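Asks: The sequence isn't on hand, but the structure is:
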């Protein structure tokens, strides 16, 4: 079964790479593209919500890119 | 490719985060405003049979559970329709079986049983003058739990604002009571239930917010309403089987009155307004943190006075004005500097 969308977004960051909304959309396209809520706006909103609660952090190197915080890694691994 | 075309123009990420926090504040204030309307509609429903039945003991609990259950059932229908339109209904099913979904289910059960159940039982056993100020403390409980379990970051000004909001709600809810007559045998039990309700509502917010880290707020709310509707249904079915109803208020009489009652329409409207209220509240908890969202939500006490002044014949007393002023000032302190809300938690 597919994961809840926001959890699927957060779990993409487990490999340690920084990602932006474009890349997140590209990676989740095969699983969620037929669902109406799969839009750039919603992905951006989920990224901001994950950042607000400390799971993601803004990358200092690249604008608009996020990476998983230590706290976030622990939380995502527990949620899977 | 179509998806890439709808990408908006690039905006500074920090500005986006600030705008996100500000939208959360608006949702928090909106939840307080709409909750007052919800209360007004429920009050109108209470003007009709069977919601206005004079009853005691377990029959009172049945009527109260019927009100809460119908309210949450209509809200569940509204939120499900909203999610269907947004294409998120499939998210509800997959979220229920996920690990974060368990926090939503736990929070929903605590909210429905300890929160609303405790509140109704407390009102039955102790005077409202004691119950209302105690239950108004629920944002305080939520703040302590949020700081402890969610590592929520709260600035000193926001702490002060939350305290002032709670004082305001207590001032509005407090009505002097004859202490002698209040001290019945069941009084202490009523106070315990009021404390249970306060703890239950605080814990519900923290549990649900923890789940919403990975689940969309409106999806989480859909789960919450389905769970609470099922909870009340089970409670009512059990009551109809095991509670001995008086002859002038039998279970079949209540059910038949309900189906032909105008109050049902008001309750349906309250359910829809309640659904929108909770959508706003859950979004606010997710976007500005549990403590701020709860403090902003408590502004319903302020709006309730305004609505009562407009639609009922309530006397606007100094006590009400003082309480409302406290809530207004407290809300401003809570909102404080939205920049403080860019990072909600003290984490690495």
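Replies: Okay, I see it. Owing to the predicted nature of the structure, the values given are computational and were not obtained by experimental measurement.
Asks: The spatially closest residue to residue B:111 that is not a sequence neighbour: what's it in contact with?
Replies: Taking Cβ to Cβ, 6 or more residues apart in numbering or on different chains, and ignoring the residues beside it in sequence, residue B:111 has residue B:204 as its nearest neighbour in space, at 3.4 Å. In short, each C-beta sits where N, CA and C put it, glycine included. With contact set as Cβ atoms under 8 Å, 6 or more residues apart in numbering or on different chains, residue B:204 has these partners: B:107, B:108, B:110, B:111, B:115.
Asks: For the second one, grab the count of nearby residues.
Replies: Around residue B:108 sit 27 other residues, with neighbours defined as other Cβ atoms under 10 Å in any protein chain shown.
Asks: residues in contact with it?
Replies: Neighbour list for residue B:108: B:204, B:208, B:223, B:224, B:227, B:228, B:231 [criterion: Cβ under 8 Å, 6+ apart].
Asks: Name the residue of chain A that lies nearest to chain B.
Replies: Closest residue of chain A to chain B, Cβ to the nearest Cβ: residue A:36 (2.4 Å).
Asks: In contact with the nearest residue to that residue once chain neighbours are set aside, which residues are there?
Replies: Setting aside the residues directly before and after it, residue A:36 is nearest to residue B:87 in space (Cβ to Cβ, 6+ apart), at 2.4 Å. With contacts defined as Cβ under 8 Å, 6+ apart, the neighbours of residue B:87 are A:35, A:36, A:37.
Asks: Now do the same for residue B:87: helix, strand or coil?
Replies: Secondary structure for residue B:87, judged by DSSP: H, G, I helix; E, B strand; the rest coil, is coil.
Asks: With adjacent residues omitted, what lies nearest to the residue nearest the centre of chain A?
Replies: Most central in chain A under Cα atoms, centre = their mean is residue A:9, positioned 3.2 Å from the mean C-alpha point. The shortest distance from residue A:9 to any non-neighbouring residue, by Cβ to Cβ, 6+ apart, is to residue A:46 (5.0 Å).
Asks: Run a quick neighbour tally on that neighbour.
Replies: Other residues within reach of residue A:46 by the criterion other Cβ under 10 Å amount to 22.
Asks: Could you say which helix or strand holds it?
Replies: Remark: residue A:46 resides in helix A:40-52, with elements defined by DSSP states H and E.
Asks: so what secondary structure elements neighbour that helix?
Replies: The helices and strands touching helix A:40-52, judged by 3 or more Cβ pairs under 8 Å, 6 or more residues apart in numbering or on different chains; DSSP states H and E, are helix A:5-11, helix A:21-32, strand A:56-58, strand A:66-68, helix B:13-45, helix B:263-288.
Asks: still on that earlier bit, the residue of chain A closest to chain B: what's it in contact with?
Replies: B:86, B:87, B:88.
Asks: give me the low-pLDDT residue ranges for the stretch 51-200 of chain B?
Replies: Low-confidence segments of the stretch 51-200 of chain B, defined by pLDDT under 70, are located at B:54-58, B:128-129, B:175-185.
Asks: Now the residue of it found nearest chain A. Its backbone dihedrals?
Replies: Taking Cβ to the nearest Cβ as the measure, the point where the stretch 51-200 of chain B comes nearest chain A is residue B:87, at 2.4 Å. With angles defined as degrees, to the nearest 10, residue B:87 shows backbone torsions of phi 70, psi 20.
Asks: What's the separation between it and residue B:115?
Replies: From residue B:87 over to residue B:115 the distance is 31 Å, taken as Cβ to Cβ, to the nearest Å.
Asks: Could you do residue A:44 as well?
Replies: Using Cβ to Cβ, one gets 34 Å for the distance from residue A:44 to residue B:115.
Asks: What pLDDT is listed against residue B:320?
Replies: Per-residue pLDDT puts residue B:320 at 77.
Asks: among the contacts of residue B:87, which are in helices?
Replies: Restricting the contacts of residue B:87 to those inside helices, with DSSP state H as the criterion, leaves an empty set.
Asks: Just the buried residues of stretch A:55-67, please?
Replies: Using 16 or more other Cβ atoms under 10 Å in any protein chain shown as the test for burial, stretch A:55-67 gives A:55, A:56, A:57, A:58, A:59, A:64, A:65, A:66, A:67.
Asks: from memory the fourth one sits against residue A:69, does it?
Replies: No: distance between residue A:58 and residue A:69: 10.4 Å, which falls outside the contact criterion (Cβ atoms under 8 Å).
Asks: how about the helices of the stretch 1-150 of chain B, start to end?
Replies: Listed in chain order, the helices found in the stretch 1-150 of chain B under DSSP state H, counting those that start in this stretch are B:2-5, B:13-45, B:57-85, B:89-96, B:99-110, B:118-125, B:128-135, B:138-149.
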